[in-house]
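>>> Generate a structure from the sequence data that follows.
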Amino acid sequence: MSSQELSSFIGRWLPRLEDEMRDMLHSKEAAVAAHYGMMGYHMGWLDEQFNTQISPSGKRLRPMLCLLACAEMGGDPIQALPAATAIELLHNFSLIHDDIEDGDETRRHRPTVWKIWGVPQAINAGDGMFTLAFAAMQRLVRRGVSADHTLQALNLFTQTCLKLTEGQHLDMSFEQRIIVSVDEYMRMIQGKTAALVGASVAIGALMGGAAASQVSDLQQFGEAIGLAFQIQDDILGIWGNPEETGKAAGNDILRRKKSLPILHALNHDRVGEQFETLFDSELSPTQLPKALDLLEQAGTRQFTEAAMRHQHELGLAALRQALDERVENSMLFGLTDGLLNRRS
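I've put the predicted structure just below:
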């Protein structure tokens, strides 16, 4: 499938997704307008005074995967639109709460919700968005989705919500430890990142009429691609071009972020102790060359890139299992292949 066809699909369905999400987050009651205004601000639709504004809003990757999977299975994406909306609202609920739990004051170059309106209101806005995600899923029946498929989708969606909280629990627990193993990290991102990507594809496939085995294969595809996507972010966080990523070189090192490359170096049998001593100090940009040198000695970039390729290959194997010989002409293949060759 050509990139032009994929762009055409996204160009057609992204505005409809935005409209569906706006409808879910709209309230006509003035007394609670600010509650929904905070959600609209986080989504990039409003400014701090709740006036209309177009701001960076993220890639909308997960809902587009849902709609693409539905179309790939021969279904009408209009039927999957409520589920795609629910998926993106769930993702953004998690971001509002993550910002609070991580103490992050900015997201997409704007102050976070809690930074403007305080932690209690931000928690409540996130809770509201979480609830509206389930309300969106319940709209599936209005689009002609059977009760059985709606219940299956809700079950998968609920399991994914729990996996998200498990991943966030592990992520926060890692902050209290210097050494975290690579396996522990992979378990964390399996819950925090991969689970929702996998569910996005699986739910879309279910809405498109896929067989149970195809839904399972496509969920495995999504989870593997989600892991690869996160590992790629980890690579860009250290070795990405600042002009393309918008972040300083070695940003994740300076932030002392426990990403996969960092953990590989910390656990390395030869340079681990040196890297731990450096990592546990007040890191400054002047120490960055030393940190990068230790990563090179450990072969960290090669290890991390190999881990990304491995997950990518696992994902493509699962996609081939689901789609047989038409895999390389599929929209899912086209989107994920493009994402895993990105530079920012």
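
>>> got the buried residues for the helix or strand containing residue 10?
Using DSSP states H and E, residue 10 sits within helix 3-24. Applying a neighbour-count criterion of 16 or more other CB atoms under 10 Å, one finds 6, 9, 10, 13, 17, 18, 20, 21, 24 buried in helix 3-24. All C-beta atoms are positioned from the backbone trio N, CA, C, and that covers glycine.

>>> Turn those residues into CSV, columns for pLDDT.
Formatted as CSV, the buried residues of helix 3-24 follow (pLDDT from 0 to 100):
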residue, pLDDT
6, 88
9, 94
10, 93
13, 96
17, 97
18, 96
20, 97
21, 97
24, 96
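
>>> so where do the strands sit in the chain?
All strands of the chain, identified by DSSP state E, fall at 106-107, 110-111.

>>> Let's test this: mean pLDDT of the last one, rounded?
Same thing as strand 110-111. Summarised as a single mean, pLDDT over strand 110-111 is 94.

>>> Pick the most buried one from the strands of the chain.
strand 110-111 (a mean of 16; mean count of other CB atoms under 10 Å).

>>> Name the strands paired with that one and say parallel or antiparallel.
For strand 110-111, the paired strands and their directions (DSSP bridges) are strand 106-107 (antiparallel).

>>> which stretches of the stretch 101-250 of the chain have low pLDDT?
Scanning the stretch 101-250 of the chain for pLDDT under 70 picks out 245-247.

>>> Tell me which residue lies farthest from the centre of the chain.
No residue in the chain sits farther from the centre than residue 270, which is 33.7 Å out by CA atoms, centre = their mean.

>>> you'd agree it is up against residue 298?
Yes. Using CB atoms under 8 Å, residue 270 makes contact with residue 298 at a distance of 7.0 Å.

>>> that older thread, for the residue farthest from the centre of the chain, list the residues it contacts.
Residue 270 is in contact with 297, 298, counting by CB atoms under 8 Å, 6 or more residues apart in numbering.

>>> check contacts around the nearest residue to residue 98 once chain neighbours are set aside.
Nearest residue to residue 98 in three dimensions, chain neighbours excluded: residue 168, at 6.8 Å (CB to CB, 6 or more residues apart in numbering). Listed by CB under 8 Å, 6+ apart, the contact set of residue 168 reads 94, 97, 98, 101, 191, 192.

>>> Are any of these buried, and if so which?
Looks like the contacts of residue 168 have 94, 97, 98, 191, 192 buried, using 16+ other CB under 10 Å.

>>> State the pair within those that is farthest apart.
Spatial extent of these (CB to CB) is set by the pair 97 and 191 at 14.3 Å.

>>> Looking at the contacts of residue 168, which is nearest residue 138?
Closest to residue 138 out of the contacts of residue 168 is residue 94 (19.9 Å), distances taken as CB to CB.

>>> ok, that closest one touching residue 164?
Yes. Using CB under 8 Å, residue 94 makes contact with residue 164 at a distance of 5.5 Å.

>>> Need the phi and psi values for the closest residue to residue 116 other than its chain neighbours.
Counting by CB to CB, 6+ apart, residue 116 lies nearest to residue 48, which is 5.8 Å off, once chain neighbours are set aside. Note on residue 48: its backbone torsions stand at phi -70, psi -20 [degrees, to the nearest 10].

>>> still on that earlier bit, what's the closest of the strands of the chain to residue 30?
strand 110-111 (24.4 Å).

>>> residue ranges of the helices in the stretch 201-344 of the chain, please?
Remark: helices assigned in the stretch 201-344 of the chain by DSSP state H, counting those that start in this stretch are 212-239, 242-245, 251-254, 260-266, 272-279, 288-298, 300-323, 331-339.

>>> Quick one: these as CSV, columns for mean neighbour count and distance to residue 177 too.
Shown next, in CSV, are these (neighbours: other CB atoms under 10 Å; distance: least, CB to CB, whole Å):
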stretch, mean neighbour count, distance to residue 177
helix 212-239, 23, 18
helix 242-245, 12, 27
helix 251-254, 20, 17
helix 260-266, 24, 10
helix 272-279, 16, 12
helix 288-298, 17, 19
helix 300-323, 19, 19
helix 331-339, 19, 31
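
>>> nearest to residue 144, of the ones you listed?
Of the helices of the stretch 201-344 of the chain, nearest to residue 144 by CB to CB is helix 212-239, at 18.8 Å.

>>> Distance from the closest one to the middle of the chain?
The chain centre lies 10 Å from the centre of helix 212-239; the measure is CA atoms, centre = their mean, to the nearest Å.

>>> Now do the same contact list for residue 200.
Contacts of residue 200 by CB under 8 Å, 6+ apart are 62, 63, 65, 66, 69, 84, 87, 222.

>>> For residue 189, which non-adjacent residue is spatially closest?
Using CB to CB, 6+ apart, the nearest residue to residue 189 is residue 230, at 4.8 Å.
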